[in-house]
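Asker: no sequence for this one, just the structure:
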């Protein structure tokens, strides 16, 4: 670290203590009296500027390593953080800063930052940034279980069934709003199973304005729609790509066509949907929506440029894996069979989900995760930034539930030809660009 800001402050205090000017004013670099209202007046015929301390801020909610008299993290108490309020530094780190609470992804770039007592805020005009915040629970889950530890503990101790949405949430068909079809206790149109399968809805069964199942479609509205009548396996015919905005929230382009300039030099479309009332995340409040496939890539890569890596996360023999190699990675820890997996064998049982940690928090924690899943929700364990349960899915063709505790499939708003993109988790890997049928019942984790 270059000359420290607090050393500079100490020198300034020394000048103030010996200055003869009224109101503790002082001039540095010249003999003129300080200008009215200035405590410190830098007045020199030598041309130059004020050199701020250069630090690397990788977490906007933390004091960086190297600040004098502060051992990280032992000495960073609330009192210490409060006393540093107003500290100004120059940030040299231009990668992705980790958000303090949820799994946020933000790139703010180099610049002057001030500490407000809780986090660093950039001074002056910032680069345009895309900031993602993933919701703390699956859509349809009980908001009471709003932290990863609570969710892991519930799954480890309550052994939920396919109809218990407390932590695992609802299952949506792509493009549909919350009309009751998503509830695990709701029967499919014609009943679950192969006995009756009416196929995709069309004509008067569809609302011409929203594209949804018409509320006048008796026996169909609010129900899961099974279909095996075509290769597309869509719940409606013809297909409609704009139901959830077609994943166009972050489509990069080099020319500005009404978009927002991002730090990679490209313009991105706003996240306004063509049919806003179809947004199933509206129940969470303003700004929440279904993530795009690009945004699932960003979470897995923890990078502002998903095209720079595949996004795949493959488990290692130790039962954990980092996302793409960069200076602010996440660590994905699979929670399986009432125990955190430390090897891959039948004894490990089913996958409960993935606990996603800041790598620094996980590496610093004294957690013997091979000793059982309780290690992850006990008080001493670090709090994950995110937990993605293996909530299973509902089959597009017969409407029955499958693979609860084995896999998780999370919807994006992005279409892929006749199908749609999704994020897919299993015991062995996380795959953020899987393809699925639009009629499948899949999990939703909202973002804003």
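Answerer: Received it, and whenever you're ready, just let me know what you need. Just so you know, these numbers come straight off a predicted model, no measurement behind them. Residues are numbered from 1 along each chain as shown.

Asker: Not counting sequence-adjacent ones, nearest residue to residue 187?
Answerer: Nearest residue to residue 187 in three dimensions, chain neighbours excluded: residue 223, at 6.6 Å (CB to CB, 6 or more residues apart in numbering). In short, each C-beta sits where N, CA and C put it, glycine included.

Asker: likewise residue 277?
Answerer: Once flanking residues are discounted, residue 277 sits nearest to residue 210: 6.1 Å by CB to CB, 6+ apart.

Asker: ok, that neighbour touching residue 275?
Answerer: Yes - with contact defined as CB atoms under 8 Å, residue 210 reaches residue 275; the gap is 5.6 Å.

Asker: I'd like the next helix or strand past the host helix or strand of residue 79.
Answerer: Secondary structure assignment for residue 79, by DSSP states H and E: helix 78-83. As assigned by DSSP H and E, the chain's next helix or strand after helix 78-83 is strand 88-91.

Asker: what pLDDT, on average, does stretch 115-134 get?
Answerer: Stretch 115-134 shows a mean pLDDT of 71.

Asker: Doesn't residue 152 lie inside a strand?
Answerer: No - remark: residue 152 does not belong to a strand; assigned using DSSP: H, G, I helix; E, B strand; the rest coil, it is helix.

Asker: Excluding chain neighbours, what is closest to it?
Answerer: In this structure, residue 152 finds its nearest non-sequential neighbour in residue 377, 4.8 Å apart by CB to CB, 6+ apart.

Asker: again, but for residue 412
Answerer: residue 293 (4.2 Å).

Asker: Show me what counts as buried in stretch 192-210.
Answerer: Buried residues in stretch 192-210, counting neighbours by 16 or more other CB atoms under 10 Å, are found at 192, 197, 199, 200, 201, 205, 206, 210.

Asker: how many neighbours does residue 26 have?
Answerer: Residue 26 has 19 neighbours, counted by other CB atoms under 10 Å.

Asker: Which pLDDT does the model give it?
Answerer: In this model, residue 26 carries a pLDDT of 80.

Asker: what bridges to it?
Answerer: Bridge pairing for residue 26 (DSSP bridges) gives the partners residue 40.

Asker: And it, how far from residue 33?
Answerer: Using CB to CB, to the nearest Å, residue 26 is found at 10 Å from residue 33.

Asker: Kindly report the same for residue 150.
Answerer: 62 Å.

Asker: So for these two, which sits in the more crowded spot?
Answerer: Neighbour comparison, residue 150 and residue 33: the larger count goes to residue 150, with 17 against 14 (by other CB under 10 Å).

Asker: What residues sit buried inside stretch 386-393?
Answerer: Buried residues in stretch 386-393, counted by 16+ other CB under 10 Å: 386, 387, 388, 389, 390, 391, 392, 393.

Asker: any weak-confidence spans in the stretch 251-400 of the chain?
Answerer: The model of the stretch 251-400 of the chain has pLDDT under 70 over residues 251-274, 301-329, 336-350, 366-373.

Asker: Please apply the same query to the stretch 101-250 of the chain.
Answerer: In the stretch 101-250 of the chain, residues with pLDDT under 70: 101-109, 125-132, 195-197, 229-231, 246-250.

Asker: The chain: helices as residue ranges?
Answerer: Using DSSP state H, the helices of the chain run over 5-18, 78-83, 148-158, 165-168, 293-301, 359-364, 374-377.

Asker: Let me know which of those is tucked in deepest.
Answerer: helix 293-301 (a mean of 26; mean count of other CB atoms under 10 Å).

Asker: related to what we said a few turns ago, which of the buried residues of stretch 192-210 lies closest to residue 111?
Answerer: The nearest member of the buried residues of stretch 192-210 to residue 111, counting by CB to CB, is residue 210 at 43.7 Å.

Asker: ok, now which ones touch that closest one?
Answerer: By CB atoms under 8 Å, 6 or more residues apart in numbering, the contact list for residue 210 reads 177, 275, 277, 278.

Asker: Go ahead and confirm the residue nearest to residue 187 touches residue 189.
Answerer: Yes - here residue 223 reaches residue 189: they are 4.2 Å apart, a contact under CB under 8 Å.
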